[in-house]
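>>> Please work out how this folds:
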Amino acid sequence: MPRLSLGQRLKRARLAAGLTQESLGRPELTKGFISLLEHDRAKPSVATLVRLAARLGQPVSYFLDAEETVSGKFLAVLASRGRSELSRRQFEAARGVFAELGDLARACRSDAMQMHAELGMGEAELGLRQFDAARRRLGAALAAGRAAEDALVECRALHGLAAVELHLDHFPQAMALDKEALGVLPRLGDAEPLLAGEISLHLGTVLGRMGHVDEAVEAYTQARQRFEGASRPERVGEALMGLGNVLSTGGDLESALGLYERARALFEQHEDLQATGRARTSLGMLLMQTGRPQDALEHLRAGLAITQRLEDAVGECRTLTDLARCYVMCGDRQLAAEYAARAIARSRDVGQPDEEARTRIVLGILAAERGDIPAAEQEMLAAAQRCRRSGMMPELVTIYHALGRLAGRQGQYKEATAYHEQAFQTLRAMKSTDVMAALHLTDLVGVAAEAALGLHPSG
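Reported below is the predicted structural model:
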């Protein structure tokens, strides 16, 4: 049986997809050009064939003769398409493209393209949160890159491995890998300014999580400068957010507030909805910390609308809880209860028990205000159980602090002392950055709790 020509395969795939020649070609190609291709009266460029294959949901290899030699240019275009899918965060599609690239590269005995395919697969699996698989592939790409003295592959692989370690909370390993990647960058000259910015941005996050404030500020500042040099203002916003997070953790709330505002303006200018939502929620939380809950409401409501539009269920649960807390601080107990109830229901709908635990802290405060001390203790103890299981240390400090105040209000001074001691012991076991977060959270909830429990700050 004779083999089908490229044109015949193209027509068969188009009909199977239910597309007309016009709809397949739109908007770049005409109906007439598609007809010429199907009748083998014209040959597509490499880029056109890759684009048509993607539109038809077929691997590019489907359109090639089994004995046809695949050119280096063809493999390069396929690699470029995989990179494009990664940049659009289409990780499943990227994995498919790089898997095909790997198969074709092996058939062509192109070691260089096999190396790039391995790297791309690892980065795609990282995006899919398949960390064990990503670590294996990125490690293999790193070894291949070093053997081939390919600085770009080596640098990307190191950065990818650092991201894996950060996701697994292995901060020293992540820091070492990012610093090693930065050490490779000079071999690239000025060819990869965006990659340099991404590595510095990631390193800033790692250092911030480790409590290395000065180094984190330096890394975020370098990231900002590199993104500005590459004319990528939306990425500058990410660096500003990172700087704001570090300064907020260190207690410099006013400086952090200014950085968040500038980041939000950049995100909105470039219509980055997801980043805008994060910035609005961070602004709301910071305004609560500075004692401005009414101003915080505007940002938290906007953040909630964005999470709902993006169908970000986890973000929605968290923002609902933050809104409930904010309404407690504003003195609107009815709305606080309504948002807490919504947060509980949504957390259960999407299987987020950790977010439900955060909401129970608010419910405990509301119960205490009503004078229902048993209900308040029940909510707080239920939240504490979940927080211990999940390692939510800042929230756990807040709960013990509130339970101590509840016990003190009832004259149970021995129990109150025990709860305060538990809060202290929890703080001692935490990393420096988490200690600051716990103290800020305790202070934030404490503003509402003082009113609810009928106590003064020194009580």
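>>> okay, and for the stretch 151-300 of the chain, where does confidence drop off?
Nowhere does the stretch 151-300 of the chain drop to pLDDT under 70.
>>> before we move on, could you check phi and psi at the closest residue in space to K11 that isn't next to it in sequence?
Excluding the flanking residues, the one nearest K11 by C-beta to C-beta, 6 or more residues apart in numbering is E38, at 4.3 Å. The way it works is simple: take the backbone N, C-alpha and C, and place the C-beta from them, glycine included. Here is the backbone geometry of E38 (degrees, to the nearest 10): phi -70, psi -20.
>>> again with the one 3 residues further on
Dihedral pair for R41: phi -100, psi 0, per degrees, to the nearest 10.
>>> quick one: pLDDT of it?
Here, the pLDDT recorded for R41 equals 84.
>>> Can you give me the neighbour number for it?
10 (other C-beta atoms under 10 Å).
>>> which residues touch it?
G7 (C-beta atoms under 8 Å, 6 or more residues apart in numbering).
>>> how near is it to S5?
11 Å (C-beta to C-beta, to the nearest Å).
>>> same deal with M288?
In terms of C-beta to C-beta, M288 sits 67 Å off from S5.
>>> Check I199 too.
In terms of C-beta to C-beta, I199 sits 47 Å off from S5.
>>> re the thing from before, M288 and S5: who's more crowded?
Using other C-beta under 10 Å, the more surrounded residue of M288 and S5 is M288, with 25 against 14.
>>> Grab the nearest non-local neighbour of that one.
Per C-beta to C-beta, 6+ apart, closest to M288 is A296, 4.7 Å.
>>> Let me know the helix or strand that the one you found is in.
A296 is located in helix 293-309, with elements delineated by DSSP states H and E.
>>> Show me what that helix is packed against.
helix 273-289, helix 313-330 (3 or more C-beta pairs under 8 Å, 6 or more residues apart in numbering; DSSP states H and E).
>>> Regarding E311, what is its secondary structure?
coil (DSSP: H, G, I helix; E, B strand; the rest coil).
>>> Look up how far Q274 lies from it.
E311 is 11 Å from Q274, by C-beta to C-beta.
>>> who's more crowded, those two?
Q274 (15 against 8).
>>> Can you get me a residue count around the closest residue to that one other than its chain neighbours?
Leaving aside its chain neighbours, Q274 sits nearest to L310 (6.1 Å; criterion: C-beta to C-beta, 6+ apart). Residues lying near L310 (other C-beta under 10 Å) number 13.
>>> Next: the one 10 residues further on.
Applying other C-beta under 10 Å, we find 27 other residues in the vicinity of L320.
>>> Distance of it relative to T281?
Counting by C-beta to C-beta - L320 and T281 are separated by 11 Å.
>>> elements contacting the helix or strand hosting A376?
If you go by DSSP H and E, A376 is part of helix 373-390. Applying 3+ C-beta pairs under 8 Å, 6+ apart, one finds that helix 373-390 makes contact with helix 353-369, helix 393-409.
>>> For E268, which of those is the nearest?
With C-beta to C-beta as the measure, helix 353-369 is the member of those nearest E268 (26.5 Å).
>>> how far off helix 313-330 does that closest one point, in degrees?
Relative orientation of helix 353-369 versus helix 313-330 (axes from the mean of the first three to the mean of the last three C-alpha atoms, to 10 degrees): 20 degrees.
>>> How far off centre is helix 353-369?
26 Å (C-alpha atoms, centre = their mean, to the nearest Å).
>>> And that helix, what does it pack against?
Going by 3+ C-beta pairs under 8 Å, 6+ apart, helix 353-369 lies up against helix 313-330, helix 333-349, helix 373-390, helix 393-409, helix 432-453.
>>> and the fourth one, what other elements does it pack with?
The reference is to helix 393-409. helix 353-369, helix 373-390, helix 413-428, helix 432-453.
>>> Comparing those helices by mean pLDDT, which bottoms out?
Averaging pLDDT over each of the helices and strands packed on helix 393-409 puts helix 432-453 lowest, since it has a mean of 48.
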